[in-house]
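[1] Below are the sequence and a predicted model for it; my questions follow.
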Amino acid sequence: MNPPGRQHKRKRPKKARVRIPKDIKDRILVACLHCCCICKQHATQINHIDRDRSNWAFENLIPLCPSCHAKVHTNYAMTQGYTASQLRIYRDEWIETCRTLRVVAAAQITLGDANLELRSAVKSLDKRLSSLEGRNRS
């Protein structure tokens, strides 16, 4: 029973959790390299930025590690949590960083392939030069 003058707070019913479709889950995790957008550790959870579990729009999702996910949903009296706009900034900046990392990695692969081709061409030229030098000595 509640003490006189205090009313029992009724919990609002939670919206039904709608599973995030696999293709959207895959897109957000790959876009973020399976990393938490806040601490950059391995992300195993996806948070709804607007806290609406039925809104699985790509722009509303952010991959988080369990530790950061708990911090997002924790509001202590003297602690400021993460706002939705801050989460969007973290996500957007991390996605842009991941794009840059992919471009750099692709460039390194291309340079590596070009380097192998160049080494092969140099070896071939060295063999031909040795062959020509051998003919000139005779």
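    Arrived safely.
[2] Please list all residues in contact with Pro63.
    Contacts for Pro63 were tallied using Cβ atoms under 8 Å, 6 or more residues apart in numbering; they are Ile28, Leu29, Cys32, His34, Cys35, Cys36, Cys37, Ala43, Gln45, Ile46, Asn47. The way it works is simple: take the backbone N, C-alpha and C, and place the C-beta from them, glycine included.
[3] Which residue is the nearest non-sequential neighbour of Cys65?
    The shortest distance from Cys65 to any non-neighbouring residue, by Cβ to Cβ, 6 or more residues apart in numbering, is to Cys36 (4.0 Å).
[4] how about the one you found, phi and psi?
    Main-chain torsions, Cys36, degrees, to the nearest 10: phi -70, psi 130.
[5] hang on, it packs against Pro66?
    No. Assessed by Cβ atoms under 8 Å, Cys36 is found out of contact with Pro66, at 9.0 Å.
[6] Where do the strands of this structure begin and end?
    Per DSSP state E, the chain carries strands over the ranges 45-48, 61-64.
[7] Of those, which is nearest Val103?
    Taking Cβ to Cβ, strand 61-64 is the member of the strands of the chain nearest to Val103, at 20.5 Å.
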